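Colleague: for reference, the sequence and a predicted model appear below.
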Amino acid sequence: MSKDFVFSTREKDYSKWYNDIVEKADLAEHSAVRGCMVIKPYGYSIWEKMQAALDKMFKDTGHVNAYFPLFIPKSFFSKEASHVEGFAKECAIVTHYRLKNDEGGKGIVVDPDAALEEELIIRPTSETIIWNTYRGWIQSYRDLPVLVNQWANVVRWEMRTRLFLRTAEFLWQEGHTAHATAEEAVSEAEKMLDVYADFVENWMAVPVLKGVKTPNERFAGAIDTYCIEALMQDGKALQAGTSHFLGQNFAKAFDVKFAAKDGKLDYVWASSWGVSTRLMGALIMAHSDDAGLVLPPKLAPIQVVIVPIYKNEEQLKQISEMVAGIKKSLEAKGITVKYDDRDNIRPGFKFADYEFKGVPLRIAIGGRDMENGTAELARRDTMTKETVKQTDLVEKIEKLLIEIQSNLYTRAINRRKAATHTADTYDDFKKMLDDKGGFIYAHWDGTSETEQKIKEETKATIRCIPLNNKKETAKCIYSGKTSTQRVVFARAY
RNA sequence: CGGGGUGUAGCGCAGUUGGCUAGCGUGCCACGUUCGGGACGUGGAGGCCGGAGGUUCGAGUCCUCUCACCCCGACCA
């Protein structure tokens, strides 16, 4: 037993626990650049699985991928007023295009003679460059809809960063669609919200709340912002994805018009939608425990790890032969298997290591198993072990992977249920927040002022107004004014 | 941008009122014994003490300046 393997617990220090998991499960690390992370191979392969699943869902709903530039001319930004305002404070700007050797011998310096005519903004999001491009693509209703997605990196110069949850540079996808009617653009935004909810619930096994943002929380430049909100184990909410109905704001800013059937010219209607590497943060915080990362089988880079237990070379050879067969039949079922036969590391270490990395299932095979025709099968989600006949192994594992996936979802939804409350008075509301956070349904008078006050006093924000919300008349918990529905408050990431 | 903290071996740290060859744990390499829940022995490699300047016979240690990163706030996905 080595004492170096003591990690922080959720109870003791939640944010340290989170950082420990990210670092020690080999997901990511801080880079030499402030606020930017290196996503390590194990972490990146989870992201790749997310990408693959999402990309297929986008294509299945009629979208195609394209790529737009990293750099955006500064002037583009000022064309949509609220959009500039939303992003101005966190933009990285390219001002020069050349370096030179300092004549004073101070090394490499920026060549002052190489200033750009017009500065370039490193995209914090691509609406402007894309809508400027769409102007050339769209002339008539026959060119619509345009249903384009891009996978890209973006930069938002954040003051404070946390691995995956908020980094200065992050990876994401952004869909940008153009439509002939407002209804169509709205239903596109709603459709993509459903796609996100479907992905997060069925692949990540994280339950989400679908809703609309209040004007305060809305995307800069949008008419309406839809979102999916997930609840983390510490009672804080995390926005897992958003889609926006942009109206004609960007079409007007970039003069994108189309000729309708009747020949009349009108501005195009738009939507945009995105999810980012932030989903990794949601994934980690939704399922992991004090023994490390817990991954849903559908996103686990390794679904089954096999660890041999042996006393000598000869025995290892026998076990390896046996394992080769098992591995092959598992792989034939599309299951990702790793056989870890490293001989410089003992089995106990491997057990703990794969637990920390969240591998859903572990098979251990030793001398006793060889005699009995069995294997020890351990589940990461419940930390339970059982002895299984080798002949039943493949079938058993197939079933278990499905069961683990659904168990994680059930567990998460139960946690959310336990952390969801309704408050009828402001005192109760504050008590609930300080007690253990969570989602709090409360009446709100619909004004930004009230929302702002509550935020200042409690740090809780309105996460969303749930879609298909039940209407009921009551008093706002803060102002006492009439309210027509409960909205969802929480402290958030 | 305010407050706090940290820079010494890959990682985690110690280093006394300035003192001679800068240490510990872990990891790494070699060999051997081990292997059913984080093994052990022996030997070995590994350092511009974040950077610049200063004080001093002598600086990891004292002074000044600087850089970087982390944490907590304000701002944001």
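Modeller: On my side now, so go ahead.
Colleague: now for residue A:189: which residues touch it?
Modeller: For residue A:189, the contact set (C-beta atoms under 8 Å, 6 or more residues apart in numbering) comprises A:224, A:226, A:243-245, A:271, A:273. All C-beta spots, glycine's among them, are computed from the backbone N, C-alpha and C.
Colleague: ok, now residue A:176?
Modeller: If you count contacts by C-beta under 8 Å, 6+ apart, residue A:176 has them with A:126-127, A:130-131, A:134, A:146, A:148-150, A:270-272.
Colleague: that one pairs with what?
Modeller: Under DSSP bridges, the beta-bridge partners of residue A:176 are residue A:148, residue A:272.
Colleague: ok, now residue A:155?
Modeller: residue A:169.
Colleague: contacting residues around it?
Modeller: Residue A:155 sits next to A:91-92, A:122-124, A:168-169 when contact means C-beta under 8 Å, 6+ apart.
Colleague: so what touches the worst-scoring helix or strand of chain A on mean pLDDT?
Modeller: Ranked by mean pLDDT, DSSP states H and E, the weakest helix or strand in chain A is strand A:108-110, scoring a mean of 79. For strand A:108-110, the external contacting residues (C-beta under 8 Å, 6+ apart) are A:96, A:98-102.
Colleague: stretch A:180-187 too?
Modeller: In contact with stretch A:180-187 (C-beta under 8 Å, 6+ apart) are residues A:141, A:144-145, A:177, A:179, A:224, A:245-247, A:258, A:260, A:266, A:268-271.
Colleague: let's see that with 7 Å instead.
Modeller: Defining contact as C-beta atoms under 7 Å, 6 or more residues apart in numbering, one finds that stretch A:180-187 is touched by A:141, A:144-145, A:179, A:245, A:258, A:260, A:269-271.
Colleague: buried among these? Make that a ChimeraX selection.
Modeller: Buried members of those, defined by 16 or more other C-beta atoms under 10 Å, are picked up in ChimeraX with:
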select /A:141,144,145,179,245,258,269,270,271
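Colleague: among the contacts of stretch A:180-187, which one sits closest to RNA strand B?
Modeller: Nearest to RNA strand B out of the contacts of stretch A:180-187 is residue A:245 (C-beta to the nearest atom of the strand; 15.7 Å).
Colleague: re earlier: show me which of the contacts of strand A:108-110 is closest to RNA strand B.
Modeller: Out of the contacts of strand A:108-110, the member with the shortest distance to RNA strand B (by C-beta to the nearest atom of the strand) is residue A:102, at 15.8 Å.
Colleague: list the contacts of the closest one.
Modeller: Residue A:102 is in contact with A:108-109, counting by C-beta under 7 Å, 6+ apart.
Colleague: so where's the longest helix in chain A?
Modeller: Scanning chain A for the helix with the most residues, using DSSP state H, yields helix A:393-418.
Colleague: the spatially closest residue to residue A:113 that is not a sequence neighbour and residue A:110, how far apart?
Modeller: Closest residue to residue A:113 apart from its sequence neighbours, by C-beta to C-beta, 6 or more residues apart in numbering: residue A:98 at 7.8 Å. Residue A:98 sits at a distance of 8 Å from residue A:110 (criterion: C-beta to C-beta, to the nearest Å).
Colleague: neighbour count: these two, which is higher?
Modeller: Looking at residue A:98 and residue A:110 with other C-beta atoms under 10 Å, you find the greater number of neighbours at residue A:110, namely 14 against 11.
Colleague: for the more buried one, give the beta-bridge partners.
Modeller: So, taking DSSP bridges as the rule, residue A:110 has residue A:99 as bridge partners.
Colleague: please report how far it lies from RNA strand B.
Modeller: Here the criterion is C-beta to the nearest atom of the strand, to the nearest Å. By it, residue A:110 lies 15 Å from RNA strand B.
Colleague: now residue A:215
Modeller: In terms of C-beta to the nearest atom of the strand, residue A:215 sits 12 Å off from RNA strand B.
Colleague: for the closest residue to that residue other than its chain neighbours, phi and psi?
Modeller: Among residues not flanking residue A:215 along the chain, residue A:448 sits closest, at 6.1 Å (C-beta to C-beta, 6+ apart). Main-chain dihedrals, residue A:448, degrees, to the nearest 10: phi -70, psi -30.
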